[in-house]
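>>> Let's see this in three dimensions:
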Amino acid sequence: MHDVDDLDIDDQLTRSELKARRRRRMLRRRRTTTIVVAALLVLGIGGIVAVSVTTGAVQEVLGRSDDYEGSGGEPVVVEVLPGTSTTQIANQLVEEDVIKSSRPFIREAEEQEATFQARTYSLRSQMSSAAAVEAMVNPESAPQVVIPEGLALVDIQARMVESGMADDDVTAAIEEKTPADYGLDVDAPSLEGYLFPATYDVRPGATAEEVVQEMVDRTAHELDDAGIALDEAHELLTLASLVEIESPADPEVRRQVARVFLNRTGDDSETNGLLQSDATIAYIHGARDDLTTTAEEREDDNPYNTYMHPGLPPGPINSPGREAVDAAMDPADGDWQFFVAVDPDTGETRFAETYDEHLENVEEYREWLRSRSDGGASDG
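Coordinates of the predicted model:
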């Protein structure tokens, strides 16, 4: 309870008395703030301390906030890899000085229910958390190079040129280059198979070499993530590239196809170690519309011709995706020596242990072929 006189006391004081009273109140508030700050220092409270006071005096004394303000300053390029959590992204942005603290960013992302794609982002230094989240949820439109699984190096070059990079620069970045030129220590004759299939943003001012470096770095990341040693990488990627192009997307069929190729390179091979893959012929001469090969093409002495040269080809024939790599690492169990896609429209594939059984399967494929166009099938 208060007296009426107490409620009106300010009206009864002189101007000088009012001024003195206000000064005493201000000094008391300052002493209280100083005591709070000193207590925090004495107690040695580390990390992030959240103190809520109506005057905001503690934050003012500490001289800092846990967030920047505004849309930022200098451009910063940040690459987010697959499987990176929001917390990991926040910590990465703190390290790059894009944001000041991870907590406001995480809080903002949760409030917006934001999800972040694995890609390269064009951000800025010292952005507010809200601005950083917005920039990553709605990234600036930039030219892209889209590499689907199974794309050959020559086609990747063409797509890079289509994205706006100079033809000469792309050629210099790819032709006569090997993974070792980009820091990946594998024994490979070219970059074929080492530019990982994914979507890559072409940042303003980025050179062809920088884009290729990003592709090779992604391959290195995928190899490490799959637990593939560098001295095993080339053989695995070569096998995976055959699996990628010779089999449909069904994971079990891919594992069976991988097993057929491995069986053919074994001591019990019915083909004397010849893989007889039409995909390697297409790699040399280009694919035919009816998916077949000619006798003349199969007699070519090119080292990639697996009708002429036993074992795996010298290197990959395309950029295999992760599922094809997984199939090469974990092939199915079986004694199959042959396979043929009897219905390429559906991907239905037949496997056989003997050549006679394989010929029966090939006839099914020829029936499919005759139902669409004139021509025959090879026995590959």
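
>>> Please report the number of neighbouring residues for residue 111.
The local packing of residue 111 (other CB atoms under 10 Å) involves 10 other residues. C-beta coordinates here come from the backbone N, C-alpha and C atoms, glycine included.

>>> what does whichever strand or helix holds it contact?
Element membership of residue 111 [criterion: DSSP states H and E] is helix 102-112. When contacts are defined by CB atoms under 8 Å, 6 or more residues apart in numbering, helix 102-112 is touched by residues 48, 66-67, 86-87, 89-91, 93-94, 99, 114, 116, 128-130, 132-133, 137.

>>> are any of those residues buried, and which?
Buried residues within those, counting neighbours by 16 or more other CB atoms under 10 Å: 67, 86, 89-91, 93, 99, 116, 128-130, 132-133.

>>> Show me the strands in the stretch 101-250 of the chain, by range?
Along the stretch 101-250 of the chain, counting by DSSP state E, counting those that start in this stretch, strands occupy 120-124, 144-146, 199-201.

>>> how distant is the helix holding residue 111 from the center of its chain?
23 Å (CA atoms, centre = their mean, to the nearest Å).

>>> where does the protein have low pLDDT?
Within the chain, the stretches with pLDDT under 70 are 1-64, 141, 289-291, 374-380.

>>> related to what we said a few turns ago, with distance to residue 222 as added columns, please give the strands of the stretch 101-250 of the chain in a markdown table.
Shown next, in a markdown table, are the strands of the stretch 101-250 of the chain (distance: least, CB to CB, whole Å):
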| stretch | distance to residue 222 |
| --- | --- |
| strand 120-124 | 16 |
| strand 144-146 | 17 |
| strand 199-201 | 14 |
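
>>> To residue 360, which of those strands lies closest?
When the strands of the stretch 101-250 of the chain are compared by CB to CB, strand 144-146 sits nearest residue 360, at 40.3 Å.

>>> chain center to the closest one, what's the gap?
Taking mean C-alpha positions (CA atoms, centre = their mean), strand 144-146 and its chain are 13 Å apart.

>>> Show me the contact partners of it.
156, 159-160, 163, 199-202, 211.

>>> and if we set it to 6 Å?
With CB atoms under 6 Å, 6 or more residues apart in numbering as the test, strand 144-146 has contacts from 159-160, 163, 199-201.

>>> picking that back up, just the buried ones among the contacts of helix 102-112 now: which is nearest residue 175?
Closest to residue 175, out of all of these and judged by CB to CB, is residue 116, at 35.1 Å.

>>> Is it correct that that closest one is in contact with residue 136?
Yes - contact criterion CB atoms under 6 Å: residue 116 and residue 136 qualify, at 5.4 Å.

>>> that older thread, just the C-alpha atoms of the helix holding residue 111, please, in PDB.
Provided in PDB are the C-alpha atoms of helix 102-112 (Å, rounded to 0.1, in the frame of the first residue of the first chain):
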ATOM      1  CA  SER A 102      26.600 -20.100 -34.400                       C
ATOM      2  CA  ARG A 103      23.600 -19.900 -32.000                       C
ATOM      3  CA  PRO A 104      21.700 -17.000 -33.700                       C
ATOM      4  CA  PHE A 105      22.200 -18.700 -37.100                       C
ATOM      5  CA  ILE A 106      20.900 -22.100 -35.800                       C
ATOM      6  CA  ARG A 107      18.000 -20.300 -34.100                       C
ATOM      7  CA  GLU A 108      17.100 -18.500 -37.300                       C
ATOM      8  CA  ALA A 109      17.300 -21.700 -39.400                       C
ATOM      9  CA  GLU A 110      15.000 -23.500 -37.000                       C
ATOM     10  CA  GLU A 111      12.500 -20.600 -37.000                       C
ATOM     11  CA  GLN A 112      12.400 -20.700 -40.800                       C
END
